[in-house]
Structure formats: C-alpha cells, structure tokens
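# Need a 3D model of the sequence below.
(one chain, ligands or ions: 1)
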Amino acid sequence: MPEIHYATSTGPVNIATLKYWGKRDKDLNLPTNNSISVTLDQNDLKTLTTASCSESFKEDHLWINGETYSLETPRSIQVLKDLRSLREELEISNNELPKISQFKLHIISENNFPTAAGLASSAAGFAALISSVAKLYKLPTDYSELSKIARKGSGSACRSLFGGYVAWEMGNLENGEDSKAIQIADRKHWPTMKAAILVVSDMKKDVPSTSGMQLTVKTSDLFQYRINEVVPKRYIEMKESILNKNFQKFAELTMKDSNSFHSVCLDSYPPIFYLNDTSKNIIKLINLLNEAAGKLIAAYTFDAGPNAVIYYEEENQDYVLGMLYKFFDKLDGWSNDKFNPANAKIFDS
Ligand code: PMV
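Numbers count the residues shown, from 1 in each chain. Presented below is the predicted three-dimensional model:
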C-alpha cells in the first residue's frame, strides 16, 4: 500500500479595516489599492484543513464541511501549480526528499462559521489550504512569499497568512511579484483590542466579491476618487493609528472606510447592496453609543454582506455589547443564545 503523506493547518479569518475592492488584473488577483486587516484569533473563527497526497490518489479532491468541491477551478489550479513547483524545486535541490510533488492531493476542510456570508470564508479557506500544503511539502515558511500564492486563490486570503494587523501591499509590477501581505504589528502589540461578529444573516451573499468588484471598477464614478484620493492617505494614517494604538483614529478610519466601500457599491450600475436594515440599525446604534460616550469606543465595519464586525477595547466590552444586546435581542433571527453578552461571539483580534 503506497504511503499517505499528510499535514494539518488552520487558516484564520481576517476582517479588513481598509477594504480591498477592485482588481487591476483578474487572473493574478492584483488589487487597485492597498488594504489593511485585523486577523482574528486562531482559536475562534477558522478553517481547519488537512492536506494529504499519495501515489494511490487518482485525482485532486477537496471537501469542505463534508461536501465535495472542485479543485479544477482556474484559481485552485494556479495555487496548486505554484505550490507543486516550489516542492519540485526542493526535490531537485535535495535528493533525499520523497518525490511527492506530482502526487494528487486530497484536501479536507472544516469551517466553524457560515461559508460565503461575507465572513471572509474564502480568505480563511485558501490560507488554510496553502499553509497545510506548504507544511506537507516542507516549504520554507516565508509568509510574504506564500501570501503571493494565497492572493491568486482569493485576494484577501493573502492577509490571513499573518496574525495581528496586516497590510496587503498592492505592488506595481505586472506579474504581481510585489503584491504581497506584510505584518504591521502582531496580536500582542495591542492586547486590549477586541472584535465582536454580529451574524445578521448566514445566507450566501447576493453578489460574489469578484463580480461585484468588476462592476464597480467598470461603472462607478466614485471609485476613481476612492482609490486615488482617499485610500493612499488612509493607508498611511491607519498604519500609524495601529502602531500608536490610537483607538480614536483607528475607529474613525475603519468606519469611514466601510462607508466608502459600501458607497462605491451603491454607486455601481446597477447598484450593489450588501447592507440590510439590521446592518443600518447597527451603524446608527454604534454612532449613538459613541456620541453618548463623548469619544469613539466602538467601530463597525461590513464586508460584502450584512454581517457586522465591531471593534472595541476591552474596557468598554460590557457597555458596547450590553447596548447591542438591549437593542437587538428582540429582532427576528436574533436569539438570546446568538446574542447575549455572556456568550456573544467575542474574538481576540
Ligand atoms: O478576497 P475576496 O475576493 O473575497 O474579496 C474581499 C473583499 C472584502 O472583503 C469586501 C474586502 C477585503 O479587503 O477583505
């Protein structure tokens, strides 16, 4: 019986505070702007993936939460091709290594959160796939290098290879060799930062991010203003706010960028709506909370879906979550067990 080689790894979810929205090259997933995200604790939202390979496997196979998915998509093909060629280089330089680069792969993944509901499932998924295959292939753990491969799978996945506060540098080169993720600061740098995920809906999103981005780039007038005038300055300021642990600035920039991203979605033609009425009420409540506190104590952000992520500092947790609970526990679809300060989904960033 031929040997089965395997390795297991996890991919965490990252939530952008400065959004990536727009591709300048669709095949290589090259973005039109720099972006920044916070990676949530590996113990919380994550994809757990085991990659195995063997001479006896007949084809590449992927299972996510027990269901079969194709690895024959252009993105998966590209990602596996890149990983295999890195392994092949190792095998050529070191004769002792087993020749496994051309064996078929079986990938088994489990998400502990809703798939494709605007909760960055593809980011965690590709990050877990790449880390598990990199481990299986014993590739050097240069995460910025691996992030270039992750990027080709799903743009935002490149940021999930790092913990803490992460930037995706858009780069300038046409071949994408300089479009990679780097760590701004690790998780320990700002230990009081917390994130709560408010699952407004676990339905699949209406407009997938790739087609949404294409539409925005093609049709939104506001989009050029966003990428040329708004994001470059915001990128520098947000990095500074993280390095200085300046929650006031970080919160302001995070909320403004979420608003800006959803504005270019609305400015697309036909418009794209990711926020629903509950999302809008969450925005109103966070604004009221901040007004009542006389300073910014909580920041909302929404990706390509109605679910909210609220960033706040630990000292304000009871107040922020208590108020959200008070206002939202009566809504349809919001049961106490889903949203009770005692067992709300709180994540260390
Ligand atoms: O990487 P994708 O194709 O899933 O796109 C992610 C887009 C946003 O989540 C809205 C923003 C971001 O930077 O993560």
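# Now the residue of the stretch 51-200 of the chain at minimum distance from the ligand. Nearest residue, chain neighbours left out?
Proximity of the stretch 51-200 of the chain to the ligand (C-beta to the nearest ligand atom) peaks at residue 156, 3.3 Å away. Using the backbone N, CA and C atoms, a C-beta is placed for each residue, glycine as well. Counting by C-beta to C-beta, 6 or more residues apart in numbering, residue 123 is the residue found nearest to residue 156 once chain neighbours are left out, at 4.4 Å.
# Quick check: the one you found is in a helix.
Yes. Residue 123 sits within a helix when classified using DSSP: H, G, I helix; E, B strand; the rest coil.
# Give me the neighbour count for residue 5.
Other residues within reach of residue 5 by the criterion other C-beta atoms under 10 Å amount to 17.
# helix or strand for it, which one?
Secondary structure from DSSP states H and E places residue 5 in strand 4-12.
# Name the strands paired with the helix or strand just after that strand and say parallel or antiparallel.
Remark: after strand 4-12, the chain's next helix or strand is strand 14-18, criterion DSSP H and E. According to DSSP bridges, strand 14-18 has the following sheet partners: strand 35-39 (antiparallel).
# Can you dump the C-alpha atoms of the strand it pairs with in CSV for me?
The C-alpha trace of strand 35-39 is given here as CSV (Å, rounded to 0.1, in the frame of the first residue of the first chain):
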residue,chain,number,x,y,z
SER,A,35,-5.6,47.3,2.1
ILE,A,36,-5.3,46.6,5.9
SER,A,37,-7.0,44.0,8.1
VAL,A,38,-7.1,42.5,11.5
THR,A,39,-6.7,38.7,11.8
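# Can you tell me what sits against that strand?
Residues lying outside strand 35-39 but in contact with it, judged by C-beta atoms under 8 Å, 6 or more residues apart in numbering, are 12-20, 156, 159-160, 162-168, 170, 184, 187, 193, 195, 235, 238-239, 242, 311, 349.
# near the ligand at all, it?
Yes. For strand 35-39, a contact with the ligand is found by C-beta under 6 Å from any ligand atom, at residue 35.
# same deal with stretch 46-55?
No. Using C-beta under 6 Å from any ligand atom, stretch 46-55 stays clear of the ligand, with a minimum separation of 13.5 Å.
# what residues does the chain put near the ligand?
The chain has residues 16, 19-21, 35, 122-123, 154-156, 209-210, 303-304 near the ligand, with proximity defined as C-beta under 6 Å from any ligand atom.
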